[in-house]
Each structure stands twice: as C-alpha cells, then as structure tokens.
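**Q** Kindly return the folded structure for what I paste below:
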Amino acid sequence: MKERMLVLENGRVFYGNGFGSRAQKIAEIVFNTSMVGYQEIMSDPSYCGQMVVMSYPLIGNYGLTDDDYESKGIYFSGFIVREYNDNPSNFRFTKTLGEVMEDNNASGISGVDTREIVRIIRDEGSMKAMICDASRNVEECVAQLKAAKLSTRQVEEVSGKKIWFSRTRNPIYTVVALDCGIKHNIINCLNKMGCNVVVVPYNTPKNVVMQYRPDGLFLSNGPGDPENVKEAIELVRQMKGVVPIFGICLGHQIIGLAYGAKTYKMKFGHRGGNHPVKNLVTGKVEITSQNHSYAVSKESLEGTGLILTHINLLDNEAEGMADYENRVMSVQFHPESAPGPQDSGYLFGQFIELMKAAGGNKNAQENRY
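**A** Below you'll find the predicted structure:
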C-alpha cells in the first residue's frame, strides 16, 4: 500500500513509499540527470530549499561513506526516486541513504514515475512541491503549496558563521574563499595547488578579507538568487583589480552582477554530470558537472568589461567569463567535480597563474595562516 504522496503545485499527484524522515516537506522541485553521486548531491549546500528528482532509476545501492560528503550538513529537503535500495553493496559504506536522511530530517518517496515527473518539470518549469502522508486531502495540499512562501535567505542559512582555515604543506599562496555554501572538494583542489585557504562567511567585508593579505579571492557555489547576496556583490566591486578573483557557479553569477551584467532564473536549471560546454578560448568541448537555477545573460555582458569564455552547447547559456585586465575569471559549471573526459580542473591552475602574475606567494611563504 502506498503510504506517501508527492503533490505538485500544478495539482499533479504521485503516490509512493516513504524513506528517510516522515516529516512533511514543501520545497522547490528540481531534477538531476546524474547516474551516480547522490551523496554529493544531498550534501551540496546549493540544494538548500529544494527537493531533487533523480532521473536515474536506482538510488541508494552503494550507501553513504564518511569520506564523500561535500559539506558538514544535509541541506536539501528530500529525494524523489523510482527505486530505493536499502541494502547497499559497497565495502566502504557506513550508513544507508535512508538512515542519513532520517537523521537530518530529509524526506524521501520512492516507487513513483520519475520519468513523468522530470518531463513535467522540463515542460512546465520548476515549481513548488510537497512530500506528505498519502491520507491528506489533495486539494488542501495544493492550496497550501500555492500559499507557501519559499525562503530567499538560503545563502545565509548555509554559509559558515565563523572564519576557519584549511592549510596545506609548503604553501605558496593564500586564498580567501567566500563561503556562500562552499563544497569541500573546492577547498581540497586549492590545497592541492599549494594554497592555504581562509574560509570566511558570505557577508565578510573587504577590511576583514584584507587582514589575511590574500593572493586571491575565491567566490563559492551556493543556493538561491544571486541578487539576494548583496554583500558578496559589493565585495567583488571593491576587490576587483586588488587581487585576482575566481568564481564558480553562484560565484560566477555574483561576479556578473558586480560588473553590471544581468542574471535570470532558468525554466528548470541545469543539474547533472553530462553537460557539454565549449571553451571559446581553446575551441575544445568539455563535459561538465552542473547545478544551478540562475544564469548570467550573455547579452548583458556588453560594456561591462567581461568577455564570454565558455558557452553551453545545449542551450547557448553563458558558462564562463573573464576580465583579463583585472585578473578576474569565473565559470558556471563545477570544475572540482571533473567528470571528464576533459578534466576541467585546469581552471584552478589558471587561477594560480593569475596570482603568480599578480606577484603573489610572499604571504604564504611566511606561513602565517
């Protein structure tokens, strides 16, 4: 017997079986086309305020491991899957997906037609949805959904509240990373490149950033509308030309707004590990990992000082920008995920070259942080 139901804002209802928390959840529903990586998805702060439909049918089959989380928290509201496996086959697994979701108050529903749900989102766009007990009145649920107001303070919810440090052996550079919902693997990539990383809250002002005498400023990924992160936009305006700047995902959008470009909400966003992006500088095509609802308008770049460096081959969306004079670069996709076959991790190397060209490395050599 079906015990849970998924109700969409457009009135569509899907009945299934529950896993994880039994709590009722209301959130924006989005879909992800990745075949693997559900642990990275559920621990990615960029999914704050969303529930995720997985287009790949079998989820949970390799469990969760202690080493593969992208953050210290679980920020999404729920999973919608075709087939949930609660008996993982993986020598590394420590907990099941359902156990971790229950511990973190995230709700799941399985046994539903995820192909149809993905098609609805693709055709009609992202919308609000509810996971709840199947005994509830559907009309009441739809009315509750239409009246619900989703949070616009997601970055504030996921950003760290204190400054912390991630050091590496024999550091060459010091990078201040603005935490809008930063993923651990981004910090790991910077560490491997010889950077001591100072992770600061999203609303940290310039005078505090400069106390650490950074060689570069990094702007992280994160959830929600970039226009709501006004403190970060202002920081980029003040730091442009002072030190090299590199932004990923939300950081890319923040850089665009700081330069005077425009952003917009996409119909259903990009989420998956298989998006082809053309590098306009090299002419090569890279297969990228993506997770975003908002994008920078290409047309609005004219006259801002930013040039387009990457473009999405599926829908022509802006995927990368640069201001070479002020040593600023950004990409919409996630190079730290590096799905291949072309490893997009080279972008961290380009950031290192910008810091080197700007005369960096004197601070980290002092090993002060």
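**Q** domains of this protein?
**A** 4-150, 155-365 (automatic domain parsing).
**Q** In TSV: the ones you listed, plus mean neighbour count and mean pLDDT.
**A** Where C-beta positions appear, they are placed from N, C-alpha and C, glycine not excepted. Below are the domains of the chain laid out as TSV (neighbours: other CB atoms under 10 Å; pLDDT from 0 to 100):
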stretch	mean neighbour count	mean pLDDT
domain 4-150	19	96
domain 155-365	20	94
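**Q** Just say helix, strand or coil for I187.
**A** Following DSSP: H, G, I helix; E, B strand; the rest coil, the label given to I187 is helix.
**Q** I'd say it and S166 touch.
**A** Yes. I187 lies in contact with S166 (CB atoms under 8 Å); the separation is 4.9 Å.
**Q** Need the residues touching each of the two.
**A** V197, V199 (CB atoms under 8 Å, 6 or more residues apart in numbering).
**Q** residue contacts, Q238?
**A** So Q238 contacts K206 (CB under 8 Å, 6+ apart).
**Q** State whether it is indeed within a helix.
**A** Yes. Looking at Q238 with three-state DSSP, it is inside a helix.
**Q** switch to numbering from 53
**A** Sounds good: first residue 53 from here, last item Q290.
**Q** Quick check: it vs I173, distance?
**A** According to CB to CB, to the nearest Å, Q290 and I173 sit 39 Å apart.
**Q** E61 now?
**A** E61 is 11 Å from I173, by CB to CB.
**Q** With L366 instead?
**A** 16 Å.
**Q** cool, V190 as well?
**A** Counting by CB to CB, the gap from V190 to I173 is 19 Å.
**Q** before we move on, what about Y225?
**A** Applying CB to CB to Y225 and I173 gives a distance of 41 Å.
**Q** I183 too?
**A** Going from I183 to I173 by CB to CB gives 15 Å.
**Q** do V194 as well
**A** From V194 over to I173 (counting by CB to CB), the distance is 17 Å.
**Q** swap in Y311?
**A** For Y311, the distance to I173 equals 31 Å [CB to CB].
**Q** Give the other helices and strands that the helix or strand in which V194 is found contacts.
**A** Using DSSP states H and E, V194 falls within helix 190-199. Applying 3 or more CB pairs under 8 Å, 6 or more residues apart in numbering; DSSP states H and E, one finds that helix 190-199 contacts strand 56-60, strand 179-185.
**Q** Same list (the ones you listed) but as TSV, adding distance to E168.
**A** Putting those into TSV (distance: least, CB to CB, whole Å) gives the following:
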stretch	distance to E168
strand 56-60	11
strand 179-185	14
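**Q** So which elements touch the strand ranked longest in the chain?
**A** Secondary structure of the chain per DSSP state E: the longest strand is strand 315-331. Secondary-structure packing of strand 315-331 (3+ CB pairs under 8 Å, 6+ apart): strand 77-84, helix 302-310, strand 337-348, strand 359-364, strand 370-375.
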